[in-house]
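This is the structure alone, sequence omitted:
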């Protein structure tokens with residue numbers, strides 16, 4: 001893995017994190033889980 005790959009991985013990490021957080025929030029809303037919704041909003 002060269003420096004360009006590392007740079008792209010680091011700069012796109014927040015995008016993947018946002019997508020993952022959105023999926024977790026959607027799951028919490030779908031299952032009506034208060035714990036999941038609270039964890040998603042606080043992170």
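Here it is on my side, so go on. Remember, it's a predicted structure, so these values are computed and weren't measured experimentally. Residues are numbered from 1 along each chain as shown.

How many neighbouring residues does residue 11 have?
9 (other CB atoms under 10 Å). (C-beta placed from N, C-alpha, C; glycine too.)

now residue 14: how far from residue 21?
For residue 14, the distance to residue 21 equals 10 Å [CB to CB, to the nearest Å].

Have a look at these two and say which one is more surrounded.
Using other CB under 10 Å, the more surrounded residue of residue 14 and residue 21 is residue 21, with 14 against 9.

Going by secondary structure, that one is in what exactly?
Residue 21 belongs to helix 3-31 when assigned by DSSP states H and E.

quick one: the following helix or strand past that helix to chain centroid distance?
As assigned by DSSP H and E, the chain's next helix or strand after helix 3-31 is helix 34-42. Here the centre of helix 34-42 is set off from its chain's centre by 13 Å, with CA atoms, centre = their mean, to the nearest Å.

can you list contacts of helix 34-42?
21, 24-25, 27-29 (CB atoms under 8 Å, 6 or more residues apart in numbering).

Generate TSV for the residues you listed, with pLDDT and distance to residue 35 as supplementary columns.
Shown next, in TSV, are the contacts of helix 34-42 (pLDDT from 0 to 100; distance: CB to CB, whole Å):
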residue	pLDDT	distance to residue 35
21	84	15
24	85	11
25	82	12
27	85	11
28	82	8
29	83	13
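
Let me see the confidence value for residue 10.
Listed pLDDT for residue 10 reads 90.

wait, what's in contact with it?
Contacts of residue 10 (CB under 8 Å, 6+ apart): none.
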